[in-house]
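Visitor: I would like to see how this sequence folds:
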Amino acid sequence: HDLEAKLIAWGLLNAGFLSIEWSVGSAWHRHARGMASTQPWLHRQLAALGGTTYIICLMGVNMVGYSVGIAGVSHLLGEAGSFFQEALWVLAGSYAVLFSGVQVMIELRKLDGTAPKSNAGNAEAEPSVKEY
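Guide: Predicted coordinates for the structure are as follows:
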């Protein structure tokens, strides 16, 4: 690849969002440890909301790096600002579709045994490994 501003921005944004994901994820696991066993429905909805938000962020980052660049994203956001109500409907629809997809992903991880187990009282429990 040639050195371009959009690729540098893409790398920096990816690194930034990855560090934010790691920080928020570790804080979530520390503070919501018991929620998975006491309030599993709420825990799942909040996890899916976080996953959906992260997908939207990564879509924006990849638009910067692979598609329209920095100027294109700022132009897109400017256009969305002038059509604010329509942009909110598009964002809400995107969230609904992606939220449903994340819910399916969570259920598939539960079914195939790769979902993290709830260890409400045991912080040092080993994750279970499914044998085939």
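
Visitor: which SS state does the spatially most central residue of the chain fall under?
Guide: The centre of the chain sits closest to Tyr54, judged by CA atoms, centre = their mean, with a distance of 2.3 Å. Put simply, Tyr54 is helix when judged by DSSP: H, G, I helix; E, B strand; the rest coil.

Visitor: That one reaches Leu18, doesn't it?
Guide: No. If you go by CB atoms under 8 Å, Tyr54 and Leu18 don't touch, sitting 10.0 Å apart. To be clear about C-beta, it is placed using only N, CA and C from the backbone, and glycine gets the same treatment.

Visitor: Dump the C-alpha coordinates for stretch 65-72 into CSV.
Guide: Extracted in CSV, the C-alpha atoms of stretch 65-72 (Å, rounded to 0.1, in the frame of the first residue of the first chain):
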residue,chain,number,x,y,z
GLY,A,65,-9.8,3.2,5.4
TYR,A,66,-11.3,1.2,2.5
SER,A,67,-13.9,3.4,0.8
VAL,A,68,-14.5,7.1,1.0
GLY,A,69,-11.6,8.3,3.1
ILE,A,70,-11.6,11.0,5.8
ALA,A,71,-13.2,13.7,3.5
GLY,A,72,-15.9,11.3,2.4
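
Visitor: give me the element the nearest residue to the residue nearest to the centre of the chain once chain neighbours are set aside is part of.
Guide: Closest residue in space to Tyr54, ignoring its immediate chain neighbours: Glu21 at 6.1 Å, by CB to CB, 6 or more residues apart in numbering. For Glu21, the host element (DSSP states H and E) is helix 5-31.
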